[in-house]
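Student: Sharing a model that was predicted from the sequence below.
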Amino acid sequence: MSTTSIVILNWNGKAFLEAFLSPLLDSIASFEGAEVVVADNGSTDGSVDFLQEHYPQLRLIRFGENSGYTGGYNRALQQIDADYYILLNSDIEVSPHWLPPLLSFMESHPQAAICMPKIRSLSQPDYFEYAGACGGFIDRLGYPFCRGRILSHVERDSGQYDTPVEIFWASGACLMIRARVFHELGGFDERFFAHQEEIDLCWRAKLTGHQVWVVPQSCVFHVGGGTLPNDSPGKLYLNHRNNLWMLHKNLPKKGRSGTLVLRMLLDYSSAFIYLIQGKFSLFSSVFKAHRHFWRGRKQLQRRDAMPVGHIWHKSIVWHFFFHRKKRTFGQLTFS
């Protein structure tokens, strides 16, 4: 029988644990091979005391400091022996039968290394959630988008994406991965700290011949922005820096430089829009991200990678702003 460890990396998420841990445990009560592990990333909000008092039966892994999503999960998963890992954000509410479709899919599709459920918004349950929706893709310049979410436009879920499909990236909010593959890939790139590390992991998995899928028969609900608000300069900095690092690492050598130049020009354009709007901290975050990209790029393990599928051949930014009547994933052409 396969074993599955559902691992929550917690950082000051006591309120989320209070709200969502009990339903999670109820949802897996009938699965003999499933367990929940909480890895605490140096919380200071009483999370550990809460867990020890109310859930003493749970395995708790404690770290003395916050080493980010990447470092926290890498260290935690080194200590967990299972066939599958499910990385679950503390701000996720699972549905009662979310686990069986994921397990069944992975057991019947050995070529799939990673999969994810459909992710809806907890505050608007009929709508997809921004961070993952129903499966992630990127465009030719590295901009992420999803089935159900293109840039800021989030679709209502009416069943239009209920077919399992191969995707480019699975959301780190709820991601299932074969433990063997996670360790073969060396886990997350810890230089990312947080944000877009799951896209980098999925890209590296695809470069080694593995597949990434979404299984919409499983559904979870995400609060979103649980640790950093959407207008956070820190979040913006990490997204811009990490995206450039990801492109630098994983794009084929041919065309890599040109892609990076075009992407950086678009970043500068968005930075000046922030400046015009008086959002000076966001403006400086973009330039800080670019400065740190240049400083850190030589330390990245760059490979002469082969092209992989499920990268949209056009610019999603251009499409979004100049084709305003076509802002849903179903209107995109991948041929």
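Tutor: The structure has been received and is ready for your questions.
Student: After the longest helix along the chain, which helix or strand is next?
Tutor: In the chain, taking DSSP state H as the definition, the longest helix is helix 256-276. Once the chain leaves helix 256-276, the next helix or strand it forms, by DSSP states H and E, is helix 280-296.
Student: So for that next one, what gets flagged as buried?
Tutor: Leu282, Phe283, Ser284, Ser285, Val286, Ala289, His290, His292, Phe293 (16 or more other Cβ atoms under 10 Å). (Glycine included, C-beta is placed from N, CA and C.)
Student: Tell me how far the closest residue to the last one other than its chain neighbours lies from His290.
Tutor: Put plainly, it is Phe293. Closest residue to Phe293 apart from its sequence neighbours, by Cβ to Cβ, 6 or more residues apart in numbering: Leu244 at 4.2 Å. Leu244 sits 7 Å away from His290, going by Cβ to Cβ, to the nearest Å.
Student: overlap in contacts of these two?
Tutor: Met264 (Cβ atoms under 8 Å, 6 or more residues apart in numbering).
Student: can you pull the buried residues of stretch 5-23?
Tutor: Those would be 5-14, 16-17, 20-21, for stretch 5-23 by 16+ other Cβ under 10 Å.
Student: Narrow the residues you listed to those in strands?
Tutor: Those of the buried residues of stretch 5-23 mapping onto strands are Ser5, Ile6, Val7, Ile8, Leu9, Asn10, per DSSP state E.
Student: Contact partners for the fifth one?
Tutor: It refers to Leu9. Neighbours of Leu9 in contact, by Cβ under 8 Å, 6+ apart: Ala39, Asn41, Tyr69, Gly72, Tyr73, Ala76, Leu87, Asn89, Ser90.
Student: With Gly258 instead?
Tutor: Taking Cβ under 8 Å, 6+ apart as the definition, Gly258 has no contacts.
Student: And it, how far from Arg191?
Tutor: Distance of Gly258 to Arg191, given as Cβ to Cβ: 24 Å.
Student: can you tell me which residues contact Ala179?
Tutor: Leu77, Ile80, Asp81, Ala82, Asp83, Tyr84, Tyr85.
Student: Select from these every entry located in strands.
Tutor: Going by DSSP E, the strands hold Tyr84, Tyr85 from the contacts of Ala179.
Student: Tell me the one among the contacts of Ala179 nearest to Ser30.
Tutor: Closest to Ser30 out of the contacts of Ala179 is Tyr84 (16.9 Å), distances taken as Cβ to Cβ.
Student: Could you find the closest non-adjacent residue to that closest one?
Tutor: Thr4 (4.4 Å).
Student: would you turn the ones in strands among the buried residues of stretch 5-23 into TSV with distance to Pro125?
Tutor: Listed next are those as TSV, based on distance: Cβ to Cβ, whole Å:
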residue	distance to Pro125
Ser5	28
Ile6	22
Val7	25
Ile8	21
Leu9	25
Asn10	24
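Student: buried set for the strand ranked longest in the chain?
Tutor: For the chain, the longest strand by residue count, based on DSSP E, is strand 211-222. Neighbour counts over strand 211-222 (16+ other Cβ under 10 Å) mark Gln211, Val212, Trp213, Val214, Val215, Pro216, Gln217, Ser218, Cys219, Val220, Phe221, His222 as buried.
Student: before we move on, what about stretch 317-334?
Tutor: Val317, His319, Phe320, Arg327, Phe329, Leu332.
Student: So which of the contacts of Leu9 are in strands?
Tutor: Going by DSSP E, the strands hold Ala39, Asn41, Leu87 from the contacts of Leu9.
Student: who's in contact with the last one?
Tutor: Neighbouring residues of Leu87 by Cβ under 8 Å, 6+ apart: Val7, Leu9, Tyr73, Gly172, Cys174, Leu175, Met176, Ile177.
Student: Tell me which of the residues you listed fall in helices.
Tutor: Counting by DSSP H, the contacts of Leu87 contribute Tyr73 to helices.
Student: closest to Gly278 among the contacts of Leu87?
Tutor: Gly172 (32.1 Å).
Student: any idea of the angle the helix or strand that contains Asp49 forms with strand 4-10?
Tutor: Asp49 belongs to helix 47-54 when assigned by DSSP H and E. Angle, helix 47-54 to strand 4-10, by axes from the mean of the first three to the mean of the last three Cα atoms, to 10 degrees: 130 degrees.
Student: Report the distance from helix 47-54 to the chain centre.
Tutor: A distance of 27 Å separates the C-alpha centroid of helix 47-54 from that of its chain, computed with Cα atoms, centre = their mean, to the nearest Å.
Student: again, but for stretch 204-223
Tutor: Relative to its chain's centre, stretch 204-223 lies at 10 Å (Cα atoms, centre = their mean).
Student: do the same with stretch 260-277
Tutor: The answer for stretch 260-277 is 24 Å, by Cα atoms, centre = their mean.
Student: hey, C-alpha coordinates of it in CSV?
Tutor: The C-alpha coordinates for stretch 260-277 follow below in CSV (Å, rounded to 0.1, in the frame of the first residue of the first chain):
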residue,chain,number,x,y,z
LEU,A,260,15.5,37.8,-20.7
VAL,A,261,15.9,41.2,-22.4
LEU,A,262,12.3,41.4,-23.5
ARG,A,263,11.1,40.3,-20.1
MET,A,264,13.2,42.9,-18.3
LEU,A,265,11.9,45.6,-20.6
LEU,A,266,8.4,44.7,-19.6
ASP,A,267,9.4,44.7,-15.9
TYR,A,268,10.8,48.2,-16.3
SER,A,269,7.5,49.3,-18.0
SER,A,270,5.5,48.1,-15.0
ALA,A,271,8.0,49.8,-12.6
PHE,A,272,7.4,53.2,-14.2
ILE,A,273,3.6,52.7,-14.0
TYR,A,274,4.1,52.2,-10.3
LEU,A,275,6.2,55.4,-10.2
ILE,A,276,3.4,57.3,-12.0
GLN,A,277,0.9,56.0,-9.6
